[in-house]
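1. Pasting the sequence and the predicted model now:
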Protein chains: 2
Amino acid sequence: MEQNITIHDIAKKLGISSSTVSRALNNNSRISDKTKKRVLELAEELGYKPNAAATALRMKRTKTIGLIIPKINRHFFADAINGVEKYATTHGYNVIITQSNENEEQEKSCIETLLHAGVDGIIASIALVKNDYQHYRKIIKREIPLVFFDRICDEIESNKVIVDDFKGGFLAAEHLISQGCKKIAHIAGPQHLNLYINRTQGFLKALRKHNMEPYEGGMLENYLTIEEGKEAAIKLLDTPNRPDGIFASNDTVCLSLIEHAEKKGISIPNDLAIIGFSNEPYAKLISPSLSTIEQRGYDVGFKATELLIRNIEYPSNNLETIVLPINLIIRKSSNKEV
Amino acid sequence: MEQNITIHDIAKKLGISSSTVSRALNNNSRISDKTKKRVLELAEELGYKPNAAATALRMKRTKTIGLIIPKINRHFFADAINGVEKYATTHGYNVIITQSNENEEQEKSCIETLLHAGVDGIIASIALVKNDYQHYRKIIKREIPLVFFDRICDEIESNKVIVDDFKGGFLAAEHLISQGCKKIAHIAGPQHLNLYINRTQGFLKALRKHNMEPYEGGMLENYLTIEEGKEAAIKLLDTPNRPDGIFASNDTVCLSLIEHAEKKGISIPNDLAIIGFSNEPYAKLISPSLSTIEQRGYDVGFKATELLIRNIEYPSNNLETIVLPINLIIRKSSNKEV
DNA sequence: ATGAAAGCGCTAACAA
DNA sequence: TTGTTAGCGCTTTCAT
């Protein structure tokens, strides 16, 4: 076993005390340039690496941040993780990722895991199921900085980073209107989550602006899964007077809509224009390619981490909510002009 | 700040020494049942949680494992991470995930990060670019258990978990043959990586078994990207005597093949049967749906972690290579009978 | 069965 | 500017 080098090894070789070595390594001002130089050189030569556990024990900080993600294999979250890792590692922090699997119990155990690991801060996106969020209070009570992103809630006071879901819903609806759609339906996500509320409200705002109302019977709400998408497709499309445009609050249900429409011989986009939300990677691959709202997960994760680390290093009580821009992406599923 | 409970707090309240508390908490045999019970109850009541940093410092183990992944937002790897986390957390380990982004320099820094974090073991899948793998020796020199998965190399002696790529290539080729294909081409991945070698060799073995040869000029090798797939599509399809079946070593290039075939009016699967490898999530969504070889990333990650943690807790010198099964998934892109 | 004491590697208050 | 010393919370040897 290649024995790890400690500050004591360096001190002994240099005939000085280990506290002097520590000061040299930490850029303390109360040290001579000459000594500092000698320490730094020897440390480099011996390949000295500080023992993280010892520093953590002494300093009560681990230079580690925790991440609570609903599902890692969702494109948006994978991107967000990339953003988090980028900012964190360039600032000397490690990241521990945990998954709630959209489940309240697992979300609780994620929090336990991260607190036990002694993370310096936590970034979280809450599980889809309706829950009371009270377990998040435990983080705040321990005075550990907390930043929510994307799936936020109003109940817990903390820093937040979201995308402009309202504007996304608004642009999606205006786009359908610009394509000449007159009977526009909407499949909304669970309305206990802010982001779905905002998408829906943005949608409604755009209709109002153009003196339109949502197509009668065309306001649905579900969990936006493939299965519920199929049910929604049947409800919306298996009727003589069906909508000519649908805005769905994610891309997944659009897959169900497209499949059902094809089965029924409904032509997309001419008889039915469809637009989703998220720009999942398959959106541009499927046929017809899917119009959608792009939300840049990387930026969300990056920004959330910036906010978190600032709060770790310069504690403060004022809370921020950062709203990042979205983009309308027009593809074949809604673009009648092509 | 809610002060954390230590064993000394428990000891004081119970009027015993902290070493006795430690023994009770660690199920040491040299302690009376009565004392143990009292300690455990009070610990529970006070919500005692051992300080991970202190234990790590004292025990020289962190109960943390490190993961080196080429790209987290690839479906296979996201699944593998799920498997790793599942096994790790149920066995009391945390996971630190790092990404190499298919880049040798970043791979080196991943290793530095993980070693510095003091992980007890490392699970890695190597970056796509050709490199000399020497940085991995540093892990072995420190006597830290190491398990490679999926992207392995022969140069480094360690435990390995892979899928049966050879059989995957074999089954893919046999399937095309069973569909009546006579002129079968193959787009291979970089042949410095074992898994691509194996897929290609399995393919060749199946042809040999059926006394066939690969279609002349139909053995291509590239990095299996969308762009290189387009070039390959042109090479293979823009010729009068084109192949009637193609096995590609991933699903990505199949996207390019399908797009080009449609543009050329080549009917899939009747004029051209296509099968890929990986079962990416979009494989069943695209049109025509894509036949492919399913490799279960979750199982790979799970198994790799099992192997790693066994090696951490019961050090041993004999090395294993575990090969997990794959599945042939037949969809429209190759299924002439439907 | 229990306690006292040392020490893991580091930082920082205090002394010189 | 440098050294001495104590202590972060835990485990473990040695003593009792």
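-> Received it, and whenever you're ready, just let me know what you need. Numbers count the residues shown, from 1 in each chain, chains lettered A, B, ... in the order given.

2. so where do the strands sit in the stretch 101-250 of chain A?
-> Secondary structure of the stretch 101-250 of chain A (DSSP state E, counting those that start in this stretch): strands located at A:121-124, A:146-149, A:159-163, A:184-188, A:219-221, A:245-248.

3. gap between the nearest residue to A:F170 once chain neighbours are set aside and A:I226?
-> In this structure, A:F170 finds its nearest non-sequential neighbour in A:G202, 3.8 Å apart by C-beta to C-beta, 6 or more residues apart in numbering or on different chains. The C-beta positions use only the backbone N, C-alpha and C, and glycine is treated the same way. For A:G202, the distance to A:I226 equals 24 Å [C-beta to C-beta, to the nearest Å].

4. For the two, indicate the residue with more neighbours.
-> Counted by other C-beta atoms under 10 Å in any protein chain shown, A:G202 and A:I226 do not tie: A:G202 has more neighbours, with 23 against 11.

5. Contacts only, for the more buried one.
-> For A:G202, the contact set (C-beta atoms under 8 Å, 6 or more residues apart in numbering or on different chains) comprises A:D165, A:F166, A:K167, A:G168, A:G169, A:F170, A:L171, A:A172, A:A173.

6. In helices, which of those fall?
-> A:D165, A:F166, A:K167, A:G168, A:G169, A:F170, A:L171, A:A172, A:A173 (DSSP state H).

7. got a markdown table for the strands of the stretch 101-250 of chain A, with distance to A:N335 and mean neighbour count too?
-> Formatted as a markdown table, the strands of the stretch 101-250 of chain A follow (distance: least, C-beta to C-beta, whole Å; neighbours: other C-beta atoms under 10 Å in any protein chain shown):
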| stretch | distance to A:N335 | mean neighbour count |
| --- | --- | --- |
| strand A:121-124 | 37 | 28 |
| strand A:146-149 | 31 | 26 |
| strand A:159-163 | 23 | 25 |
| strand A:184-188 | 16 | 25 |
| strand A:219-221 | 24 | 17 |
| strand A:245-248 | 12 | 30 |
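
8. who in chain A is up against DNA strand D?
-> Where chain A comes near DNA strand D, counting by C-beta under 7 Å from any atom of the strand, the residues are A:15-20, A:23, A:29-32, A:34-36, A:54, A:57-58.

9. hmm, back to that, out of the strands of the stretch 101-250 of chain A, which is closest to B:R137?
-> strand A:121-124 (34.5 Å; C-beta to C-beta).

10. what lines up beside that closest one in the sheet?
-> Strand A:121-124 has its sheet partners listed here by DSSP bridges as strand A:64-69 (parallel), strand A:146-149 (parallel).

11. To what extent is A:R137 buried, counted in neighbours?
-> A count of neighbours around A:R137, defined by other C-beta under 10 Å, yields 15.

12. Find the residue closest to it in space, skipping its chain neighbours.
-> Per C-beta to C-beta, 6+ apart, closest to A:R137 is A:I156, 6.9 Å.

13. Show me the one of the strands paired with strand A:121-124 that comes nearest A:I326.
-> The minimum distance between A:I326 and the strands paired with strand A:121-124 falls on strand A:146-149, with 14.3 Å, by C-beta to C-beta.

14. what's in contact with that closest one?
-> A:80, A:121-126, A:136, A:139-140, A:156, A:158-162, A:300-301, A:304-305, A:307-308, A:311.

15. Let's test this: mean pLDDT of it, rounded?
-> Averaging pLDDT along strand A:146-149 gives 97.

16. What of stretch A:73-83?
-> Rounded mean pLDDT across stretch A:73-83 is 92.

17. quick one: A:S29 from DNA strand C, how far?
-> Separation of A:S29 from DNA strand C (C-beta to the nearest atom of the strand, to the nearest Å): 12 Å.

18. For that residue, the count of nearby residues, please.
-> By other C-beta under 10 Å, the burial measure for A:S29, its neighbour count, is 5.

19. Just confirm it is within a strand.
-> No: going by DSSP: H, G, I helix; E, B strand; the rest coil, the assignment for A:S29 is coil, not a strand.

20. For chain A, give me the ranges with low pLDDT.
-> Applying pLDDT under 70 to chain A flags the ranges A:1-3, A:338.

21. Which positions in it make contact with DNA strand C?
-> By the rule C-beta under 7 Å from any atom of the strand, the part of chain A lying against DNA strand C is A:4, A:6-8, A:18-19, A:22-23, A:25-26, A:50-51, A:54-55, A:57-59.

22. coming back round to it: list buried members of the contacts of A:G202 by neighbour count.
-> Neighbour-count burial (16 or more other C-beta atoms under 10 Å in any protein chain shown) is assigned, among the contacts of A:G202, to A:D165, A:F166, A:K167, A:G168, A:G169, A:F170, A:L171, A:A172, A:A173.

23. Much appreciated, bye for now.
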